[in-house]
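1. Quick one, what's the 3D model for this:
(chains A and B)
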Amino acid sequence: AQSVAQPEDQVNVAEGNPLTVKCTYSVSGNPYLFWYVQYPNRGLQFLLKYITGDNLVKGSYGFEAEFNKSQTSFHLKKPSALVSDSALYFCAVRIPPGGSYIPTFGRGTSLIVHP
Amino acid sequence: NAGVTQTPKFRVLKTGQSMTLLCAQDMNHEYMYWYRQDPGMGLRLIHYSVGEGTTAKGEVPDGYNVSRLKKQNFLLGLESAAPSQTSVYFCASHSGANVLTFGAGSRLTVL
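-> I've put the predicted structure just below:
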């Protein structure tokens, strides 16, 4: 079975400071990893994904994430937070074709960026 | 650029009433999903479909039924609504690219 943990329900950061939203996963095999963002009263939007290759992946809106296989983590980062980054962030995992194609989502982390 | 469209966006039901949520995608995606989102619970998978004419149960299927008669449409039905089904429902779809495209959500209140 595959699972995703987002250990923080909420992350608070001041505008201009770096931000990190944590995600750890558990799968059998090599994972496909994703981050999605949900703004208020909207559906989820794709931010970035890791399939293979470089462990540091860059995505939309200046976000990036680092895949760490030994720590089974895929933390979302941004060097300088904006108030407009305030939203709900979801990490998701699935295993490659041949296994379950159904993505498993974490419970979400609310990011609040203070002016 | 329609993507995934959910109707209706809002609905209020009385306990015991029935209704159907419609999800339509115009991206020729094979896989479609229905999730519910509740505070502190994240996204929970209700039912999913891997192609036209196929459906399967997810994590929380009780009280819901689905149909995928056409590839572009995935219907979620509540036969006898209960207050516990008050939630925001999201439809999503994807193809082999693995990235899900989500609808804007349908907010359902059961009184």
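2. what secondary structure does the most centrally placed residue in chain B sit in?
-> The centroid of chain B falls nearest to B:W34 when counting by C-alpha atoms, centre = their mean (3.2 Å). Using DSSP: H, G, I helix; E, B strand; the rest coil, the structure places B:W34 in strand.
3. contact partners of stretch B:49-63?
-> Here stretch B:49-63 makes contact (C-beta atoms under 8 Å, 6 or more residues apart in numbering or on different chains) with A:101-102, B:30-34, B:36, B:44-48, B:66-71, B:74, B:78-80, B:82, B:84-85. Bear in mind the C-beta positions are built from the backbone N, C-alpha and C, glycine included.
4. correct me, but B:Q25 touches B:M32?
-> Yes: B:Q25 sits in contact with B:M32 when judged by C-beta atoms under 8 Å, with a separation of 6.9 Å.
5. what touches both of the two?
-> In contact with both B:Q25 and B:M32: B:F74, B:C91, B:S93, using C-beta under 8 Å, 6+ apart.
6. Whichever of those end up buried, select them in ChimeraX.
-> Buried residues among the shared contacts of B:Q25 and B:M32 (16 or more other C-beta atoms under 10 Å in any protein chain shown), as a ChimeraX selection:
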select /B:74,91,93
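7. Can you flag which of the shared contacts of B:Q25 and B:M32 belong to strands?
-> If you go by DSSP state E, those have B:F74, B:C91, B:S93 in strands.
8. So in terms of bridging, what pairs with the second one?
-> Read that as B:C91. With DSSP bridges applied, B:C91 shows beta-bridge pairing to B:W34.
9. So it is in contact with B:R36, correct?
-> No: counting by C-beta under 8 Å, B:C91 sits too far from B:R36 to count as a contact (10.8 Å).
10. got the residue ranges for the strands in chain B?
-> B:4-7, B:10-13, B:19-25, B:31-38, B:42-49, B:56-57, B:64-67, B:73-78, B:87-94, B:101-102, B:106-110.
11. Could you dump those into JSON lines and include mean pLDDT and distance to A:K77?
-> Formatted as JSON lines, the strands of chain B follow (pLDDT from 0 to 100; distance: least, C-beta to C-beta, whole Å):
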{"stretch": "strand B:4-7", "mean pLDDT": "96", "distance to A:K77": "28"}
{"stretch": "strand B:10-13", "mean pLDDT": "96", "distance to A:K77": "36"}
{"stretch": "strand B:19-25", "mean pLDDT": "97", "distance to A:K77": "32"}
{"stretch": "strand B:31-38", "mean pLDDT": "94", "distance to A:K77": "25"}
{"stretch": "strand B:42-49", "mean pLDDT": "93", "distance to A:K77": "21"}
{"stretch": "strand B:56-57", "mean pLDDT": "94", "distance to A:K77": "36"}
{"stretch": "strand B:64-67", "mean pLDDT": "97", "distance to A:K77": "37"}
{"stretch": "strand B:73-78", "mean pLDDT": "97", "distance to A:K77": "35"}
{"stretch": "strand B:87-94", "mean pLDDT": "95", "distance to A:K77": "25"}
{"stretch": "strand B:101-102", "mean pLDDT": "94", "distance to A:K77": "23"}
{"stretch": "strand B:106-110", "mean pLDDT": "97", "distance to A:K77": "32"}
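12. Now distance to A:G59 too, for the ones you listed, in a markdown table please.
-> Shown next, in a markdown table, are the strands of chain B (distance: least, C-beta to C-beta, whole Å):
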| stretch | distance to A:G59 |
| --- | --- |
| strand B:4-7 | 20 |
| strand B:10-13 | 31 |
| strand B:19-25 | 23 |
| strand B:31-38 | 22 |
| strand B:42-49 | 19 |
| strand B:56-57 | 30 |
| strand B:64-67 | 31 |
| strand B:73-78 | 27 |
| strand B:87-94 | 17 |
| strand B:101-102 | 16 |
| strand B:106-110 | 27 |
